[in-house]
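1. starting from these lines, generate the structure:
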Amino acid sequence: MVLLGYWPDWQTHLYWYILIAGLLFFKATEEWNLYCYDFCPFGASQEVLGLIGGAKSRPVRWSSTLVWAKRWLIAAAISLALIYRNPGLSSYEIFGTMFKLEGSQFQFALLALIVLAAMFYRRPWCQYLCPLHRHGTEGLFDWCRKQVGYAWQKLRPRPVT
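-> Sure thing, here's the model as predicted:
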């Protein structure tokens with residue numbers, strides 16, 4: 001919604017601006033995604049399911065295909081949201097499906113698949129489909145931070161020896 005220009009009113013949603021500014025500042029200075037690893041309740045629910053089923057970090061044969069599928073899904077979701085100016089139209093997240101029990105049949109089927117997979121694989125949604133996690137928008141933010149760092153190193157005056 002922010003990309004479409006729908007910014008919340010700062011007088012009533014000041015906490016949102018503080019949270020976003022804090023997360024961006026923390027992410028810009030550290031190489032750690034505070035939200036995904038510390039606050040996300042869906043990630044925590046996958047961890048609990050993993051404890052029940054004995055999930056392990058196992059290599060998946062087609063993990064690079066899933067990473068590219070995540071990138072294409074993110075690009076398609078953002079494109080659809082911008083074209084139709086409706087962010088809800090392109091949502092494939094199952095966060096709300098799990099906690100509010102609201103969603104399409106596709107989202108409930110995907111949720112069932114992820115719940116089963118979370119019992120055997122460590123955080124399958126986070127690793128391979130979450131748009132906020134590694135190789136998704138977080139990866140894009142990391143890439144931008146590195147580019148700014150490289151540009152700063154080139155522009156910085158070097159001491160004369």
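2. quick one: secondary structure of the most centrally placed residue in the chain?
-> Of all residues in the chain, the one closest to the mean position by Cα atoms, centre = their mean is L132, 0.8 Å from it. Three-state call for L132 (DSSP: H, G, I helix; E, B strand; the rest coil): coil.
3. you'd agree A21 is in a strand?
-> No - going by three-state DSSP, the assignment for A21 is helix, not a strand.
4. roughly how far apart are it and L132?
-> Note on A21: its distance to L132, by Cβ to Cβ, to the nearest Å, is 17 Å. Backbone N, C-alpha and C define where each C-beta goes, glycine included.
5. go on, L110?
-> Counting by Cβ to Cβ, the gap from L110 to L132 is 16 Å.
6. and if you look at W72?
-> In terms of Cβ to Cβ, W72 sits 16 Å off from L132.
7. where does pLDDT dip in the protein?
-> 1-4, 26-34, 134-145, 149-150, 152-153, 156-161 (pLDDT under 70).
8. before we move on, which element is Q46 in?
-> Per DSSP states H and E: Q46 is located in helix 41-53.
9. what about A112, neighbour count?
-> 12 (other Cβ atoms under 10 Å).
10. can you list the buried residues in the helix or strand containing S64?
-> Assigned by DSSP H and E, S64 belongs to helix 63-84. By 16 or more other Cβ atoms under 10 Å, the buried positions in helix 63-84 come out as 67, 70-71, 74, 77, 81.
11. please apply the same query to stretch 89-99.
-> 90-91, 93-95, 97-98.
12. between those, which sits nearest V115?
-> M98 (8.1 Å; Cβ to Cβ).
13. list the contacts of the closest one.
-> Contacts for M98 were tallied using Cβ atoms under 8 Å, 6 or more residues apart in numbering; they are 42, 45, 111.
14. what do you get if the cut-off is 10 Å, keeping everything else the same?
-> 41-42, 45-46, 107-108, 111, 114-115, 125 (Cβ atoms under 10 Å, 6 or more residues apart in numbering).
15. from the chain's centroid, how far away is whatever helix or strand it lives in?
-> Applying DSSP H and E as the criterion places M98 in helix 95-99. Relative to its chain's centre, helix 95-99 lies at 15 Å (Cα atoms, centre = their mean, to the nearest Å).
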